Structure formats: C-alpha cells, structure tokens
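1. After the sequence you'll find the predicted model.
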2 protein chains.
Amino acid sequence: MMPRVFVTTQPILGTELQISGDDGHHFARVLRVRPGEPLAVAWQGRGYLGEVTSVDASAGVVCLLVTEALPSHESARSVYLIQGLAKGDKIDDIIQHNTELGVAGFLLYEARRSVSKVDLRKRDTKLARWQKIAQEAASQSQRDVIPEVSHAQNTKDVEAWLRCLRDPVLLLLDESETTIGLYLALSSAEALAEDASIVLAVGPEGGWDESEREDWVSRLHARTISLGPRTLRTESAGLAAASAVFHHFRQLGG
Amino acid sequence: MMPRVFVTTQPILGTELQISGDDGHHFARVLRVRPGEPLAVAWQGRGYLGEVTSVDASAGVVCLLVTEALPSHESARSVYLIQGLAKGDKIDDIIQHNTELGVAGFLLYEARRSVSKVDLRKRDTKLARWQKIAQEAASQSQRDVIPEVSHAQNTKDVEAWLRCLRDPVLLLLDESETTIGLYLALSSAEALAEDASIVLAVGPEGGWDESEREDWVSRLHARTISLGPRTLRTESAGLAAASAVFHHFRQLGG
C-alpha cells in the first residue's frame, strides 16, 4: 500500500490538489507514481482518496483529483504513551511502532533512572527528528493524524501536558504492582467513560525510582498496574500495553 | 531483576543445586552473584527460588540452596506465532520480544513473498541461533519455559506443526480482510474453549500472496482476521496481536 501524504490545504471533492515539496519529490521521483494511479491524502484528521492526474518528475510535483472522502482510520479511543527516556535508538523504534499502532501522542519523560537525557540546547533538534519519525510512520500506516511528540523534564511538565488531554486515565506500568492488572484497570468506571483518554506510562530500562513512583501516584493520580509476571523491556512494554488497550475497546479491527 | 537459569536437573526443595557451564560462568563471572543472594531457576516449566550458597568464580560454578517453588509465570492460554520470514535482524527482534511477552512457540514460515529464505544446508545453524535468542529472552523475562523455534518451508510443514498443538485456532492476519477483527474471532466458541491454543500467522514484508492465502484457508482452515485500518509492519504485527490475545484472556496482568 502506498504511503499517505499529509497535506496542509483542504482537499475538496471533485477538485485538483497539488503536492510539491518533499512529498511531491518522494511521490514523483522515488515512488514514481503515474497518472491514473490512486493516492490517499490526509488533512486535519480526515483521509481522502484521489487519482493522480499529472506528474512533473523534474519539478517534483504531483497533481491529484480528489474523488472520495475515506472512513476514519483513527481509534475512537485515544491512547497516549508517556515513555521514560531510553538509550540509543530505542526511542526511534518506540515512536515508529506505536505510531503505526495508533497511539495519539507521545511524551518522552526524563525519569530519574533514565541514562539518556535530552540536552535542553539540543531539545528542539531532537524533537524535530522524533516528530519526523512519527510523520513517516503515520504516512506508512495510513493514519489520518500525525501524533505529537513532546518532552518532559519532570513531573511538573507531565502535569501540564496531562492538563491538555480529555479526561486522562493515567496508568503507570509498574513491576512492583502485583494485584491490579491492565484488564482490571480498564474495567473501572473511569476508564470506561466514553470520553476518557488512556495514558500509559512506561519507565526507562532501570524502571521507576521508589520516590518517583510516589510522586506519580500522589501528585499525578496515576494508578500503578501490572502486565503480569513476565518482565517486558522498556522498548516493548508500551507497544504491548497499547495493543491491549486498543483491543479492549475494540479498536484493533473490532 | 536477575535473569533466570534454565536447569536440566530437577531442583528439590531444601537441597543444593549446582550451576556450571555457560550459566555458571555468566552468574559467577559476569553478573558476579554472591553467597546469600536470591536466584531463580526454572526446570521443565516450573520456577524455583533459591539462595546462593557458594560461588567459585575461577571455575564458573554457583551453588544454590532451593528454598521455594514459585507460582507459574506462564500464560494459562497458549499463544503461538507463525511468522513469515522477514529480512535481516527482524526475526531476531520478533523472537526476543514475543518470547518476553509469553508466546509459547514460533514457526518461521517461508512465505511466497519472503525475500529472505533459509538455505536448508544452514537451517540447523540458523535455528540454533534463533533458539538461543529465545532462551536468553525467556531467562531475561522470568519465564518458566523456553519457546521452541521451528521452520516451515511450505504449508505441508505448517500442517504437520499444527498437528502437535492442542486444539489450534489458526488466525491469519490479513490486510484484505475488512469484516472480521481479532476481537470477534476470539469471541467465537472455538477460541473460547478453554483448551484451545491461539495461533497467529503474520505475513512477510510484502504480505500474503493471493493463492497462498487460499491455501491457508482451504487446506489449514485458517480464519482471516483484520487488525484494523492502520497498517502494521511485519515486525510489530505479531507482538500487537499476541498482546491483544493475552489481554483478551486476562493473561497480561489479569
């Protein structure tokens, strides 16, 4: 399946749309689309299908006749991921795979045990790179929106970020929790409320620091949950939990 | 948490157990365990807790007093993954992450569109390497068993492999399926039967070939299922689906 293009001008049924810039170049020169071929675009959370009408390979411009509004590819239930900063390229993979799965947004959190930190002078450059990974993954997986990637240095930043979400139910994946599992937490009245967003918080490689966990529970009203007796790594725990949440609310194929 | 050791002699409560070989070396010289420290071992699907009584670092031998039988870390519901052979190191990561999640066994299948093939002369060497990845991941994630990694050249091999499983319900992840999702498939009477094993089949990068899909459905009685409108990659589709299945049967923390 061809990647989607996220466009900035509104597609209007029955009219032509021009794709230039990086995307135009990609489609005209790398993927070599041809007139008559179908191509999907997304604009402000909605997908549209079109037919390529002309391709100018040297200029990197593709023209598209918008023929159809597509059904939503987004989950009816918003799931966010707060990820403790992890080493190396792990964050890249986490953003990529969770974007493809349907996660609505990411907050990269500098946990006390995060070995990797974000130098504030390089923060904008790093965030721009992660945002680009999210965009490419969203395009690849046929999403209607590009999830936003943000950064939190401390729980105060997390608090401010949570304030912008709709009725967040914050679940902290915690190895030391042995009683409450994900299933039970998602069956609570609060999580079942139709508008509630589910926010999963995953610690870094070394897990949560004891006082940090306290902070999340008392200050941010997080509920600690277990994913069971098998220990998952930080790079797969979020994807496993998010998959389970989407499935729970029948948003993984229904 | 310290990795588990899979031992070949039965641990008996109140008696000592000797760990030598690779594992002994690993614990004595790499992780440097000390007398008095706790250490978990697994034998034929059961976990035991012990206390290190002596360490001979130069010989790479650790002695352990077995003090306690541990509750099962295995899923009460068996979930298997048939994975279309994929490029490069993808299979390594798939085995690692899905083992940590709790998958009971793997079948690597040479799909028609698999770019990567297993040269039969090198099959044993390759399988041994993959089996080692499964063992390390099982140890790391505190499992009681090491999932077995097998290889299938064609659907005849798949059929023989399926015959060894307990009441397998075979679900083929299929982009062209738009009606039946995972939730619906798992709610069928057959899947809900307590003894049924759930077997997930994931195609390679290029997906399933049309005639191959036919073959799976008619010959192997696979049911095609959808994971929804967002396109997952072959390296994360299995983990997402398996997470959902474990959650469905409350085997991900309950």
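-> Yep, that arrived.
2. and the end-to-end length of stretch A:109-126?
-> 14 Å (C-alpha to C-alpha, to the nearest Å).
3. Same question for stretch A:24-34.
-> Stretch A:24-34 end-to-end distance (C-alpha to C-alpha) = 12 Å.
4. Show me which positions of that stretch end up buried.
-> Neighbour counts using 16 or more other C-beta atoms under 10 Å in any protein chain shown place A:Gly24, A:His25, A:His26, A:Phe27, A:Ala28, A:Val33 of stretch A:24-34 among the buried residues. (Glycine included, C-beta is placed from N, CA and C.)
5. what does stretch A:149-160 give?
-> Residues A:Val149, A:Ser150, A:His151, A:Ala152, A:Thr155, A:Val158 are the ones in stretch A:149-160 that count as buried (16+ other C-beta under 10 Å).
6. Who does A:Val62 form a beta bridge with?
-> Applying DSSP bridges to A:Val62 yields these beta-bridge partners: A:Ile19, A:Val55.
7. Take the buried residues of stretch A:24-34 and keep only those in helices.
-> A:Gly24, A:His25 (DSSP state H).
8. Could you identify the longest helix within chain A?
-> Counting by DSSP H, the longest helix found in chain A is helix A:123-140.
9. can you dump the C-alpha coordinates of the helix or strand just after it into CSV?
-> Per DSSP states H and E, the first helix or strand lying C-terminal to helix A:123-140 is strand A:148-152. Taking Å, rounded to 0.1, in the frame of the first residue of the first chain, the C-alpha atoms of strand A:148-152 are listed here in CSV:
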residue,chain,number,x,y,z
GLU,A,148,2.7,14.9,18.5
VAL,A,149,6.0,14.1,20.3
SER,A,150,6.7,16.2,23.4
HIS,A,151,9.3,16.2,26.1
ALA,A,152,9.0,16.4,29.9
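10. residues contacting A:Tyr183?
-> A:Ala244, A:His248, B:His247, B:Arg250, B:Leu252, B:Gly253, B:Gly254 (C-beta atoms under 8 Å, 6 or more residues apart in numbering or on different chains).
11. which of those tops the neighbour count?
-> Within the contacts of A:Tyr183, most neighbours by other C-beta atoms under 10 Å in any protein chain shown means B:Leu252, with 28 neighbours.
12. Please, where are all the helices along the stretch 51-200 of chain A?
-> A:90-101, A:123-140, A:155-163, A:182-186, A:189-192 (DSSP state H, counting those that start in this stretch).
13. Out of these, which is the most enclosed?
-> Ranked by mean neighbour count, these are led by helix A:90-101 with a mean of 23 (mean count of other C-beta atoms under 10 Å in any protein chain shown).
14. Run through the residues that contact the residue lying closest to A:Leu186 once chain neighbours are set aside.
-> In space, not counting the residues next to it along the chain, A:Leu186 is nearest to A:His248; the distance is 5.0 Å by C-beta to C-beta, 6 or more residues apart in numbering or on different chains. By C-beta under 8 Å, 6+ apart, the contact set of A:His248 is A:Leu182, A:Tyr183, A:Leu186, B:His247.
15. Just send the residues you listed back as JSON lines, with distance to B:Ala42 too.
-> Output for the contacts of A:His248, formatted as JSON lines (distance: C-beta to C-beta, whole Å):
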{"residue": "A:Leu182", "distance to B:Ala42": "25"}
{"residue": "A:Tyr183", "distance to B:Ala42": "26"}
{"residue": "A:Leu186", "distance to B:Ala42": "30"}
{"residue": "B:His247", "distance to B:Ala42": "24"}
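16. hmm, stretch A:201-216 touching chain B?
-> No - residues of stretch A:201-216 are not located near chain B by C-beta under 8 Å from any C-beta of the partner chain, the shortest gap being 8.9 Å.
17. export that stretch as PDB, just CAs?
-> Extracted in PDB, the C-alpha atoms of stretch A:201-216 (Å, rounded to 0.1, in the frame of the first residue of the first chain):
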ATOM      1  CA  ALA A 201       3.400   5.500  31.400                       C
ATOM      2  CA  VAL A 202       6.400   3.200  30.900                       C
ATOM      3  CA  GLY A 203       9.600   3.500  32.900                       C
ATOM      4  CA  PRO A 204      13.100   3.500  31.400                       C
ATOM      5  CA  GLU A 205      15.500   0.500  31.400                       C
ATOM      6  CA  GLY A 206      16.100   0.600  35.100                       C
ATOM      7  CA  GLY A 207      12.400   1.000  36.000                       C
ATOM      8  CA  TRP A 208      10.900   3.600  38.300                       C
ATOM      9  CA  ASP A 209      12.700   5.000  41.300                       C
ATOM     10  CA  GLU A 210      10.700   4.500  44.500                       C
ATOM     11  CA  SER A 211      10.200   8.200  45.300                       C
ATOM     12  CA  GLU A 212       9.400   8.900  41.700                       C
ATOM     13  CA  ARG A 213       6.600   6.300  41.800                       C
ATOM     14  CA  GLU A 214       5.200   8.000  44.900                       C
ATOM     15  CA  ASP A 215       5.300  11.300  43.100                       C
ATOM     16  CA  TRP A 216       3.300  10.000  40.100                       C
END
